[in-house]
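> Show me how the following folds:
(one chain, ligands or ions: 1)
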Amino acid sequence: MTATSRPARPVMLGQNQYGKAENRVVKITRDGDTHHIKDLNVSVALSGDMDDVHYSGSNAHVLPTDTTKNTVFAFAKEYGIESAEQFGIHLARHFVESQPAIRRARIRIEEYAWDRIQTSDSGNRFIGADEVRHSFVRNGQETRTAQVTYDGEDFQVFSGLKDLTVMNSTNSEFWGYVKDRYTTLKEAYDRILATQVAGVWRHNWTGDDQRMPNWERSYAQVKRHMLDAFVETYSLSLQQTLYQMGARVINSRGEVDEIRFSLPNKHHFLVDLEPFGLKNDHEVYYAADRPYGLIEATILRDGAEPQIPVDMTNL
Ligand SMILES: O=c1[nH]c(=O)c2[nH]c(=O)[nH]c2[nH]1
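Presented below is the predicted three-dimensional model:
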């Protein structure tokens with residue numbers, strides 16, 4: 001027997017699973033003016049009687065991955081998200097008990113926690129006595145950055161932060177924009193506004209003959225003012241919110257002459273639940289990760305020279 005006429009080795013299908021990974025579902029529960037967020041990344045993996053689809057291509061036992069995605073969003077509306085575990089149990093049971101061919105469902109969930117933004121509170125018309133009702137900061141918070149340059153004469157001190165993820169679950173609109181033949185975006189009168197703040201600001205301290213700022217206090221206060229402005233701005237665009245955040249810092253912190261922001265617009269799209277006979281009353285969103293709008297600008301004290309490089313905030 002020559003090598004070429006050797007009988008084919010039997011080939012067998014081994015472990016297999018399928019489903020839709022990383023369904024980014026955000027559920028807002030509105031308790032009057034007080035909103036609650038559940039933000040999950042849900043991955044579905046199903047297995048069972050799936051020999052045919054692999055061997056012959058018959059899809060007769062295959063619940064589409066697209067359907068598993070829809071189920072995640074529909075369940076968020078129909079049953080709510082009490083906890084990641086409860087939501088996972090509900091989904092897993094549903095897939096196994098409703099589909100004869102599916103014997104095992106694995107639901108993996110990452111939950112992203114959000115804290116209410118603590119503001120300095122005075123004059124804030126959106127907050128109650130003790131809490132901010134619809135403005136959140138993602139738990140885990142930011143990375144602080146600094147860059148100091150000295151040429152033997154002058155110092156240049158940049159402070160900054162990145163990955164400070166914040167969300168307003170209401171008080172954001174976007175409408176009245178230019179429409180051309182490629183525009184499909186619907187005007188929004190109550191949308192989620194979420195961004196991951198990257199900012200760099202320049203101190204006007206340039207040397208030892210001036211009183212040096214208290215860097216720790218300055219950082220805390222700059223962050224505080226940018227968050228206060230994020231909470232308090234009724235936003236007609238992320239550009240407007242960005243300007244308000246920068247203006248608040250410049251107006252409140254005499255040691256800062258310039259601040260630059262890079263703000264990705266972390267889009268949250270309302271999921272169409274009509275095909276499942278469900279009404280989505282601004283409750284269930286798909287948190288898209290890309291593409292994203294990217295809004296960038298420098299805000300300056302009147303008369304100050306811009307020195308922060310355009311790409312600085314992306315470091
Ligand atoms: O706040 C926004 N600014 C934009 O420039 C823009 N463009 C867009 O599609 N959505 C938004 N949102």
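
> CA only for contacts and neighbour counts going forward, please
Fine.

> Give me the below-cutoff pLDDT ranges for the stretch 201-315 of the chain.
For the stretch 201-315 of the chain, the stretches with pLDDT under 70 are 314-315.

> switch the cut-off to 80
313-315 (pLDDT under 80).

> So which residues on it come close to the ligand?
237-239 (CA under 6 Å from any ligand atom).

> of the residues you listed, buried ones?
The neighbour count (16 or more other CA atoms under 10 Å) marks 238-239 as buried among these.

> now the residues of the stretch 201-315 of the chain next to the ligand as TSV including secondary structure and distance to R106?
Shown next, in TSV, are those (DSSP: H, G, I helix; E, B strand; the rest coil; distance: CA to CA, whole Å):
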residue	secondary structure	distance to R106
S237	coil	40
L238	helix	38
Q239	helix	41
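
> Find the nearest non-adjacent residue to E78, please.
L278 (7.8 Å; CA to CA, 6 or more residues apart in numbering).

> since we're on that neighbour, how many residues are nearby?
By other CA atoms under 10 Å, 12 other residues sit near L278.

> can you list the residues of the stretch 201-315 of the chain next to the ligand in JSON lines and add distance to Q86?
JSON lines is the format used below for these (distance: CA to CA, whole Å):
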{"residue": "S237", "distance to Q86": "36"}
{"residue": "L238", "distance to Q86": "35"}
{"residue": "Q239", "distance to Q86": "39"}
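
> measure the residue positioned nearest the centre of the chain to G19 for me?
Centroid-nearest residue in the chain: K266, 5.0 Å away (criterion: CA atoms, centre = their mean). Remark: distance between K266 and G19 (CA to CA, to the nearest Å) = 25 Å.

> Quick one: classify the nearest residue to F155 once chain neighbours are set aside as helix, strand or coil.
Take F155 and drop its neighbours on the chain: the residue closest to it by CA to CA, 6+ apart is T206, 4.5 Å away. Here T206 is recorded as coil under DSSP: H, G, I helix; E, B strand; the rest coil.

> Number of residues surrounding T206?
16.

> And the strands in the stretch 1-150 of the chain, which stretches?
Using DSSP state E, counting those that start in this stretch, the strands of the stretch 1-150 of the chain run over 23-31, 34-48, 102-111, 114-116, 135-138, 143-150.

> Can you redo those as TSV, where the extra columns are mean neighbour count?
Supplementary listing: the strands of the stretch 1-150 of the chain in TSV, determined by neighbours: other CA atoms under 10 Å:
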stretch	mean neighbour count
strand 23-31	20
strand 34-48	20
strand 102-111	18
strand 114-116	18
strand 135-138	24
strand 143-150	12
